[in-house]
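A.B. asks: Just a sequence and a predicted model for now, questions to come.
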Amino acid sequence: QVQLVESGGGLVQAGGSLKLSCAASGRTSSIIGMGWFRQGPGKERQFVGTIRWSSEETYYLESVKGRFTISRDNAKNTVYLQMNSLKPEDTAVYYCAARRSGYGLKAYEYAYWGQGTQVTVSS
């Protein structure tokens, strides 16, 4: 089993920045990649971005490219989501997730999920 604990959410004004963290523990050797998803009010869960653990290759939702950056710290088994130039439409609960296979673009590829952290962007 893998446990994921997120932190770093909060309230920020449009144009501001936030950095989310996701610490993994347990059988982390089974993880090949991690991803970030979000779910806004009344919306379905949406892919935000993913990072492959070995190569640090990343892939992002088109609307966050150039604003969001995913990185990782191997020593801490932690992945980060740096969010800049935030917009009100970025308001959502953000979830990190870990996968043992696949490319990581779909929620069903992820076996483990964090509890979510609220990000609210005011206009």
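C.D. replies: Sure, I can see it. These numbers come from a predicted model, not from an experiment.
A.B. asks: Show the backbone phi and psi for Glu62.
C.D. replies: Backbone torsions for Glu62, taken as degrees, to the nearest 10, come to phi -60, psi -40.
A.B. asks: repeat for the one 3 residues further on
C.D. replies: Comment: the main-chain dihedrals of Lys65 come out as phi -60, psi 140, following degrees, to the nearest 10.
A.B. asks: Just the pLDDT for it.
C.D. replies: Looking at Lys65, its pLDDT is 97.
A.B. asks: count of neighbours near it?
C.D. replies: Residues near Lys65, counting by other CB atoms under 10 Å, number 12. The C-beta positions use only the backbone N, C-alpha and C, and glycine is treated the same way.
A.B. asks: what's it in contact with, if anything?
C.D. replies: For Lys65, the contact set (CB atoms under 8 Å, 6 or more residues apart in numbering) is empty.
A.B. asks: Use 17 as the first number for this chain going forward.
C.D. replies: Yes, from this point I'll number from 17; that puts the last item at Lys81.
A.B. asks: Check the spacing between it and Ser101 real quick.
C.D. replies: 11 Å (CB to CB, to the nearest Å).
A.B. asks: again with Phe63
C.D. replies: 19 Å.
A.B. asks: So between these two, which is more surrounded?
C.D. replies: Just comparing Phe63 and Ser101: by other CB under 10 Å the higher neighbour count belongs to Phe63, 19 against 13.
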